[in-house]
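Mind folding the following:
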Amino acid sequence: MRYVAPAREAVDPVVFTHAPLSDWSEYGSWLQWPCWPSIDELNARWPSGSHERFVAQTRGLLEDGLHYEERIATRGLIATREANWHDLFNAIVWLRYPQLKRALNRQQMMEIAQVGRRERSRPQCAQTHFDEAGVIVVVKEPRLLALWDVHDWHGLFWRHRDAWLDGSISVEVFGHALLEHALTPGKLLVGKALAVMAEDAQSTQAVACITDAIAEGQWLRDPLELRPLPLSGISGWHAGNEEESFHRHAACYQPLREGRRYPPPLAL
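Residues are numbered from 1 along each chain as shown. As a prediction, this is how the structure comes out:
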């Protein structure tokens, strides 16, 4: 069933105090004030010299005949529906991660050149999945990756609960659809993850590593490269996960499909 975001006035302000939305406090006025930010307000946050800008998605704009990604690549125009949660979250992700967004756009353009505007290749599907629901995960301990590899969710999120608090494994949310879904309290969130293995790294380094790998065509060539990560299992991300029973029966915890294997993480 397609997700329908709540009306702006119906959003419980508490959701902005919990992950993942609490990590976007620099855009708090846009997210929490009664009025939607204007296109001009969004554009005012671009660094000087940026190629892109947000533009209202109108019928006139769409009549240019360009694919959404082509419009960004050739004209720097990001079509944005006004008073729309999905597109507002897309805008703030662009502002925080412009280089990663540009890398995805370039890869999309390469695929459009190969298959045309009406078809979708497997790389395009992978790129879209990551754009919508992507998370970047930094893993510092191999034993945690081993649990993740076999979908041992009880082990990853309950037996090693402290690992999510002490930095042994950490998550950076990139997908704007994930942020939109987080507007609904109690919703079970599952990210599409790319992993980085590093003994000591900052999130900015991991993002740069992922950006380079995507830009060079090393990753996001197939949707099966993406690892599912039930974000609702992380301490503080869902009220129910304080009980062990959650980690044995939660609907977001799916077993590993027979024959499914994940590519090794990038090493940093």
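
Helices of the stretch 101-250 of the chain, start to end?
Using DSSP state H, counting those that start in this stretch, the helices of the stretch 101-250 of the chain run over 122-133, 142-149, 153, 176-181, 203-215, 246-249.

Tell me which of the ones you listed lies nearest to Tyr27.
Of all those, helix 176-181 sits nearest to Tyr27, with 10.2 Å by C-beta to C-beta. All C-beta spots, glycine's among them, are computed from the backbone N, C-alpha and C.

Please identify the buried residues of that closest one?
His176, Ala177, Leu178, Leu179, Glu180, His181 (16 or more other C-beta atoms under 10 Å).

can you redo these as CSV with pLDDT?
Output for those, formatted as CSV (pLDDT from 0 to 100):
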residue, pLDDT
His176, 98
Ala177, 98
Leu178, 98
Leu179, 98
Glu180, 98
His181, 98
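
Of those, which is the nearest to Ser168?
Nearest to Ser168, judged by C-beta to C-beta, of the buried residues of helix 176-181 is Leu178 at 22.2 Å.

thought that closest one was touching Ala193?
No: Leu178 lies out of contact with Ala193 (C-beta atoms under 8 Å); the separation is 10.9 Å.

shared neighbours, the two?
Common neighbours of Leu178 and Ala193 (criterion: C-beta atoms under 8 Å, 6 or more residues apart in numbering): Gly134, Val135.

Touching stretch 5-13 from outside, list them.
Outside stretch 5-13, the residues touching it (C-beta under 8 Å, 6+ apart) are Gln32, Pro34, Trp36, Ala83, Trp85, His86, Glu180, Leu183, Thr184, Pro185.

how about the strands in the stretch 151-268 of the chain?
For the stretch 151-268 of the chain, strands defined by DSSP state E, counting those that start in this stretch occupy the ranges 169-173, 190-197, 227-230, 266-267.

contacts for the third one?
I take that to be strand 227-230. Strand 227-230 has contacts (C-beta under 8 Å, 6+ apart) with 135, 137, 148, 153, 157, 171, 188-195, 250, 252-254, 262.

do that again at 10 Å, thanks
The contact list for strand 227-230 (C-beta atoms under 10 Å, 6 or more residues apart in numbering) reads 133, 135, 137, 145, 148-149, 151, 153, 156-157, 169, 171, 188-195, 237-238, 241, 247, 250-254, 256, 260, 262-263, 265.

what lines up beside it in the sheet?
Using DSSP bridges, the strands paired with strand 227-230 in its sheet are strand 190-197 (antiparallel).

could you give the angle of the strand it pairs with to helix 122-133?
Relative orientation of strand 190-197 versus helix 122-133 (axes from the mean of the first three to the mean of the last three C-alpha atoms, to 10 degrees): 100 degrees.

Would you indicate which residues of strand 190-197 are buried?
Val190, Gly191, Lys192, Ala193, Leu194, Ala195, Val196, Met197.

repeat for stretch 194-213
Buried residues in stretch 194-213, defined by neighbour count with 16+ other C-beta under 10 Å: Leu194, Ala195, Val196, Met197, Ala198, Ala201, Ala206, Val207, Cys209, Ile210, Thr211, Ala213.

Among the residues you listed, which pair sits farthest apart?
Farthest pair in those, by C-beta to C-beta: Met197 and Thr211, 16.8 Å.

Specify the residue ranges that define each domain of this protein.
Per the record, the chain has its domains at 15-101, 129-267, by automatic domain parsing.

So which of the ones you listed is nearest Ile112?
That would be, of these and by C-beta to C-beta, domain 15-101, which comes in at 6.0 Å.

Following the chain onward from the helix or strand hosting Ser29, which element is next?
Using DSSP states H and E, the element containing Ser29 is helix 28-32. Using DSSP H and E, the helix or strand that follows helix 28-32 towards the C-terminus is helix 39-43.

quick check: mean pLDDT across the helix or strand just after that next one?
Using DSSP H and E, the next helix or strand after helix 39-43 towards the C-terminus is strand 53-56. For strand 53-56, mean pLDDT rounds to 98.
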